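*Asks:* only geometry, no sequence info:
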């Protein structure tokens with residue numbers, strides 16, 4: 001561990017081969033795993049748990065107290081998995097008594113100026129581009145890609161393998177395997193390119209498309225669409241994941257794209 005003009009609390013637990021840049025502050029009750037690199041002017045506050053092989057760039061602030069008036073000083077954490085990259089000036093707040101922890105998975109990339117609020121749960125292999133802003137208690141599942149300057153409302157869930165268009169305002173849940181774009185945010189097709197990159201077969205992608213044709217491109221409400229999907233489409237892991245996501249959505253899901261409505265507005 002290289003130390004130069006750094007402030008490290010004696011109770012912090014830091015692996016011996018961690019590299020720490022100058023003017024970085026690490027508080028008590030912090031754990032940092034092997035092989036992690038921390039740039040200059042990084043602040044890692046009490047309750048932070050950082051895994052192995054992470055790369056944290058200058059100006060990042062990890063583990064600051066929540067920007068939530070309900071927080072009253074309870075002991076909570078931020079947990080960051082292995083091999084995750086956190087770029088310049090990212091801020092990650094720790095949890096509240098609601099969930100107790102903010103969690104970021106393995107092999108994820110948070111680009112510059114991303115903000116992750118209290119009690120969020122971010123999966124593995126997630127990419128967030130520059131300036132993404134995530135409110136409290138948001139869940140983002142594995143392999144999601146959040147394009148630059150997206151703003152995600154509190155309590156929203158983003159499904160696995162989703163791709164959000166840049167600048168999107170996200171007030172509702174976004175089901176797995178799809179692209180979402182436009183204003184208001186709506187279904188923009190299946191993320192077929194991303195799925196192929198992750199070794200989904202053509203048959204799997206076709207099955208996913210069939211599910212979303214019923215859900216988003218028919219005249220059924222969500223309950224009717226789910227009933228038809230269960231009755232008429234063959235069971236599969238992907239089909240069942242879509243059904244469970246929609247059934248368990250507390251905020252409701254985004255809408256399908258209605259070209260007729262768009263033309264009327266024009």
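*Replies:* Thanks, I have the structure now. This is a predicted model, so every value here is computed, not measured.
*Asks:* Every contact and neighbour count from this point should use C-alpha atoms.
*Replies:* Noted.
*Asks:* just so I have it, where are all the helices in the stretch 51-200 of the chain?
*Replies:* For the stretch 51-200 of the chain, the helices defined by DSSP state H, counting those that start in this stretch cover 192-197.
*Asks:* got any ranges where it has weak pLDDT?
*Replies:* Counting by pLDDT under 70, the stretch 51-200 of the chain contains no low-confidence residues.
*Asks:* and residue 244, what helix or strand is that in?
*Replies:* helix 237-247 (DSSP states H and E).
*Asks:* Give the other helices and strands that that helix contacts.
*Replies:* When contacts are defined as 3 or more CA pairs under 8 Å, 6 or more residues apart in numbering; DSSP states H and E, helix 237-247 packs onto helix 202-216.
*Asks:* 6 Å instead, please
*Replies:* Applying 3 or more CA pairs under 6 Å, 6 or more residues apart in numbering; DSSP states H and E, we find helix 237-247 packed against no helix or strand.
*Asks:* Give me the distance between residue 32 and residue 109.
*Replies:* Per CA to CA, to the nearest Å, residue 32 is found 18 Å from residue 109.
*Asks:* Check residue 186 too.
*Replies:* Distance of residue 186 to residue 109, computed by CA to CA: 25 Å.
*Asks:* tell me the angle of the helix holding residue 244 relative to helix 202-216?
*Replies:* Calculated by axes from the mean of the first three to the mean of the last three CA atoms, to 10 degrees, helix 237-247 forms an angle of 20 degrees with helix 202-216.
*Asks:* Okay, buried residues for helix 237-247 please.
*Replies:* Of the residues in helix 237-247, 238, 239, 241, 242, 243, 245, 246 count as buried by neighbour count, 16 or more other CA atoms under 10 Å.
*Asks:* same deal with stretch 65-76?
*Replies:* For stretch 65-76, a neighbour-count test (16+ other CA under 10 Å) marks 65, 66, 76 as buried.
*Asks:* Now the terminal residues of it, how far apart.
*Replies:* Start-to-end, stretch 65-76 (CA to CA) is 9 Å.
*Asks:* And the contacts of that stretch?
*Replies:* Stretch 65-76 is contacted from outside by 93, 94, 95, 96, 100, 101, 118, using CA atoms under 6 Å, 6 or more residues apart in numbering.
*Asks:* what would those look like in CSV with neighbour count and distance to residue 139?
*Replies:* Compiled in CSV, those are given as follows (neighbours: other CA atoms under 10 Å; distance: CA to CA, whole Å):
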residue, neighbour count, distance to residue 139
93, 27, 14
94, 29, 15
95, 30, 13
96, 25, 15
100, 16, 14
101, 24, 12
118, 34, 11
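*Asks:* List the contacts of residue 94.
*Replies:* Counting by CA under 6 Å, 6+ apart, the residues that residue 94 touches are 63, 65, 66, 77, 78, 101, 102, 118.
*Asks:* circling back: let me have the buried residues of helix 237-247 in TSV, extended by distance to residue 220 and pLDDT.
*Replies:* Formatted as TSV, these follow (distance: CA to CA, whole Å; pLDDT from 0 to 100):
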residue	distance to residue 220	pLDDT
238	20	98
239	17	98
241	19	98
242	16	98
243	15	98
245	17	98
246	14	98
